[in-house]
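Peer 1: test case, fold it:
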Amino acid sequence: MRAVRTVAESPWVVFLVALTARLWVLSQLLPAKAWSGFYQYNEPAHIAWSVLSGFGYSSPWADARVMPTAQQPPVYPYLLAGIFKLAGVYSYPSLWIAVGLNAVFSSLTAVLILRIGKRTFGVLTGVLAAWVWACWNYEAVVSIRLWESSLSALLLAIAFLLLLERAGSVHPERWILFGALAGGAALTNTSLLSVFPFFWLWLWIAYRRRGLSCGKWLAASVGVCILTLLPWTIRNYATFHRMMPIRDNFGLELWLGNHEGVTRVFDNDFPVLNPTEYNRLGEIRFMEVKRDIALEFIRRQPKEFARLSAERFVRFWTAPQESVWLPLSLLAWAGMVLVLWRKQWEAVPYAIVIFVFPVVYYVTHVFSTYRHPAEPVILVLAAYAMVTALTAISAVLATRPAPRFLRSTETLKTLGGESSSRERVLSRSRPVRATTHADS
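Peer 2: So this is what the prediction gives:
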């Protein structure tokens, strides 16, 4: 059992198992799905092609007019551009490098899940959550998409672990690292930026509770984050002549989930299917028109907006397969309640991820893959709830008296054993006489 536990807790074993699972999934999908499943409608790949073709950061959609864009945050498209430069634009080797790198990101996240779970809840929770992430086919498939999902999950997991360690440390360099990480995460997946102000607030209160001052280091951390975002913000201002810190696509995302006749799939005039309106209006005007339509819909039909938001809430926590994700989400929420009750202030970072990160998707629109960056925390909480429940059940079973028939059986065995012992003692005490032929 010690050997099994050593293997289960080993970060290297968890990493290698997770990587093997993801590479196995890739071997099933490539090369048959290389174009249709990865390249064809991929917005970061289109932008990477545009960068290498000399058009700059442009054209996120096929058949769209070549013009500057801020539809995607820059980190992942430029990462793909570097891979395309190395191994060829839209080439099969480039795809293997890109999705293989995503597999590595996701496998590293498994190791961080192990550390996060062990640090807050103990070995059993960390091991269970990490192995579910490593071996579950769903996580393997989502993680190797040609998208920023795996990198986003890794960055949020790193930030989360740093946050937990930061609360008990006074090393100033970690404040700087945390600020740079916040900026890098925002330039990878802008939705991640929503949780960092609450992380900083939690750190500030945590220091105040211990009677320590961290104002200057908190300001330095936020300042480093702003400085990380500044070059891209300057690029957007120089290109579009308006203040735009990272992206310009909120109006389009809001419209996708809030307009007359809204569906759960892309409408025909979404640019990935038909970029005619986008080409005619240009990117900024197109985003503004979609935003105005969505806001007018919300203003005129607030009850419908509330209903759609409630549906999006349910889909966020149950898609793509309700029979699997509903129980898992309920476990995660149970774990959230349990850890808030038991650990109180220490549990607040978990609540920030669970409560804050999904809000933008409740308001706009939901695909199950949008949940992926938060799934490490979700799995840790679900594992904590399961381990707690199993521990409670085993404790109850251990303290309950045995059933009557078992007690009767044990009594008979005891009595039988005592009787046998008496017989052996008596037999040894009887005098031995010669055995005659009649006795025989």
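Peer 1: against which helices or strands is the helix or strand containing Ile116 packed?
Peer 2: Per DSSP states H and E, Ile116 falls inside helix 92-121. Counting contacts by 3 or more C-beta pairs under 8 Å, 6 or more residues apart in numbering; DSSP states H and E, helix 92-121 packs against helix 11-29, helix 75-87, helix 123-135, helix 137-143, helix 149-166, helix 322-343, helix 375-399. Using the backbone N, CA and C atoms, a C-beta is placed for each residue, glycine as well.
Peer 1: TSV for those helices, including distance to Thr233?
Peer 2: Output for the helices and strands packed on helix 92-121, formatted as TSV (distance: least, C-beta to C-beta, whole Å):
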stretch	distance to Thr233
helix 11-29	35
helix 75-87	14
helix 123-135	34
helix 137-143	30
helix 149-166	19
helix 322-343	35
helix 375-399	29
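Peer 1: looking at these, which is closest to Ala45?
Peer 2: helix 75-87 (5.8 Å; C-beta to C-beta).
Peer 1: residues making contact with the closest one?
Peer 2: 43-45, 47-49, 51-52, 57, 90-91, 93-94, 97-98, 101, 146-148, 151, 184, 187-188 (C-beta atoms under 8 Å, 6 or more residues apart in numbering).
Peer 1: how far off helix 149-166 does that helix point, in degrees?
Peer 2: Following axes from the mean of the first three to the mean of the last three C-alpha atoms, to 10 degrees, one obtains 120 degrees for the angle between helix 75-87 and helix 149-166.
Peer 1: circling back to that earlier point, now the helices and strands packed on helix 92-121 in TSV, with mean pLDDT, distance to Arg315 and mean neighbour count?
Peer 2: As requested, the helices and strands packed on helix 92-121 are exported to TSV (pLDDT from 0 to 100; distance: least, C-beta to C-beta, whole Å; neighbours: other C-beta atoms under 10 Å):
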stretch	mean pLDDT	distance to Arg315	mean neighbour count
helix 11-29	96	24	17
helix 75-87	97	24	19
helix 123-135	97	22	23
helix 137-143	96	15	20
helix 149-166	93	17	22
helix 322-343	96	9	16
helix 375-399	93	15	18
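Peer 1: and Glu277, which of the ones you listed is closest to it?
Peer 2: Closest among the helices and strands packed on helix 92-121, once you apply C-beta to C-beta, is helix 75-87, at 22.9 Å.
Peer 1: which positions within the helix holding Ile116 qualify as buried?
Peer 2: Residues 94-118, 120-121 are the ones in helix 92-121 that count as buried (16 or more other C-beta atoms under 10 Å).
Peer 1: and that helix, how far from the chain's centre?
Peer 2: 11 Å (C-alpha atoms, centre = their mean, to the nearest Å).
Peer 1: all further residue positions should be reported with the first residue as 87.
Peer 2: Sounds good: first residue 87 from here, last item helix 178-207.
Peer 1: next, the angle from that helix to helix 408-429.
Peer 2: Going by the same axes, to 10 degrees, helix 178-207 makes 40 degrees with helix 408-429.
Peer 1: cheers, nothing more for now.
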